[in-house]
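>>> The following block contains a protein sequence and its predicted model.
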Amino acid sequence: MDHNKDNPDNPDDFRIPFGKNDNNRIDEEGDDNYQELMASSTADEEQSPPLDSRPQLPVREKGCQFKVCVKCHTKKKIADFPKHGGDSEERGSYCRKCKNDLAKERRITDAGARLRHYIVTRIKNELPKDKIPEDIHTNLEHYLGYRLFQLKKHLREELKAREGITLVKSFKLGYHMDHKVPHKSFNIQDVTSQSFRDCWHFTNLWMIDATINLKKGAKEDFFDDDEPPHAA
C-alpha cells in the first residue's frame with residue numbers, strides 16, 4: 001500500500017491540483033471561463049479596424065523641440081541653434097543670433113578672426129556652392145597652405161613699413177585686403193587647386209585704402225610702381 005499517495009504532508013508530492021475532483025483535468029467552472037474569455041477575445045479582434053486604417057499619431061523629431069540659449073536665456077526652437085561638431089542631432093549652446101553677435105564683436109579686436117571671416121566670405125562669393133567644402137571655415141589654413149599668423153605678420157610688417165600704421169588701425173580706417181595680382185588672373189576651379197593657393201598666398205595680399213581699392217578694381221597695372229599711394 002502506497003502511504004505517500006495524495007498525502008499533503010509528504011514533501012515529495014509536487015502535484016498541483018487543478019480541478020475539484022480530478023488533479024489531471026481543468027475543472028468545469030474554469031473550463032467554462034476559459035471558453036468565454038477566448039470567445040470574447042476573438043470578437044474584439046474581428047471588430048477592430050485594420051492597422052492601416054487606424055489614425056496615425058504625428059511623429060516627433062528626435063530630441064527636445066526647444067532649447068534655452070545660455071547667452072540671452074531665451075527659449076527658442078531647436079532649429080534656431082546651429083549644429084555643433086558636424087552632428088545633426090547635437091546643437092550648440094548659443095542661438096544663431098547670439099553666436100553671430102559674439103563673432104562680430106570678436107572680429108573688431110581679433111585680427112585673425114577678421115581675416116578668416118573675410119577670406120571665407122570671398123571664397124563663398126566667388127566659387128560655386130558645390131565647390132566649397134563644408135569645413136572651409138574651420139580648416140581654412142589647410143586649404144590656404146599656411147597658418148593665419150603668417151598672414152597677420154606679413155600684413156602688419158608691410159603696413160608698418162609703407163604707412164607706419166598697425167593692422168588693427170587699418171581695419172578701423174576701413175582698409176581692404178587686396179590681391180596684388182587680381183583674383184581674375186588665376187584660373188581657380190576649387191579650393192584644392194594650386195591656383196587657389198597662389199591667389200590667396202599671403203605674399204599676394206596687402207591692405208590698401210578702400211577708395212583706392214575700388215578705383216583699382218581688377219586692373220593688373222593700376223599702380224605706377226609696386227606700392228599703392230597713401231590714403232588721403
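It's in.

>>> hang on, residue 106 is in a strand, isn't it?
No - applying DSSP: H, G, I helix; E, B strand; the rest coil, one finds residue 106 to be helix, outside a strand.

>>> Distance of it relative to residue 117?
Separation of residue 106 from residue 117 (Cβ to Cβ, to the nearest Å): 9 Å. C-beta here means a position set from N, CA and C on the backbone, and glycine is covered the same way.

>>> And the two? Which one has more around it.
The neighbour count for residue 106 versus residue 117, taken as other Cβ atoms under 10 Å, is higher for residue 117 (17 against 13).

>>> correct me, but that one touches residue 103?
Yes - contact criterion Cβ atoms under 8 Å: residue 117 and residue 103 qualify, at 7.4 Å.

>>> Whatever helix or strand residue 113 lives in packs against which elements?
Residue 113 belongs to helix 111-126 when assigned by DSSP states H and E. Where contact means 3 or more Cβ pairs under 8 Å, 6 or more residues apart in numbering; DSSP states H and E, helix 111-126 is packed against helix 96-109, helix 140-144, helix 148-162, helix 167-172.

>>> For the third one, give me every contacting residue.
If you take Cβ atoms under 8 Å, 6 or more residues apart in numbering as the criterion, helix 148-162 is touched by 111-112, 115-116, 140-141, 165-167, 170, 177, 202-203, 205-207, 227, 230.

>>> which of those residues are buried?
Among the contacts of helix 148-162, those classed as buried by 16 or more other Cβ atoms under 10 Å are 111, 115, 116, 140, 165, 167, 170, 177, 202, 205, 206, 207.

>>> Find the helix or strand that the fifth one is a member of.
What it means is residue 165. Under the criterion DSSP H and E, no helix or strand holds residue 165.

>>> ok, it to residue 150 distance?
Distance from residue 165 to residue 150, by Cβ to Cβ: 20 Å.

>>> Please apply the same query to the second one.
From residue 115 across to residue 150, the span is 11 Å (Cβ to Cβ).

>>> Check the last one too.
Between residue 207 and residue 150 the distance is 15 Å, computed by Cβ to Cβ.

>>> For this structure, just list every one of the strands.
Remark: strands assigned in the chain by DSSP state E are 66-68, 75-77, 83-84, 87-91, 176-179, 205-208.

>>> rank the ones you listed by pLDDT, which is bottom?
Confidence, taken as mean pLDDT, is least for strand 87-91 of the strands of the chain (a mean of 64).

>>> Show me where the protein dips below the pLDDT cut-off.
Low-confidence segments of the chain (pLDDT under 70): 1-64, 84-89, 107-109, 217-232.

>>> how's it carved up into domains?
Domain assignment of the chain by automatic domain parsing yields the ranges 65-84+92-102, 110-216.

>>> need the contact list for residue 140.
When contacts are counted by Cβ under 8 Å, 6+ apart, residue 140 touches 116, 119, 120, 148.

>>> returning to that earlier point: Serialize the helices and strands packed on helix 111-126 to TSV and add fields for distance to residue 132.
Putting those into TSV (distance: least, Cβ to Cβ, whole Å) gives the following:
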stretch	distance to residue 132
helix 96-109	19
helix 140-144	10
helix 148-162	19
helix 167-172	25
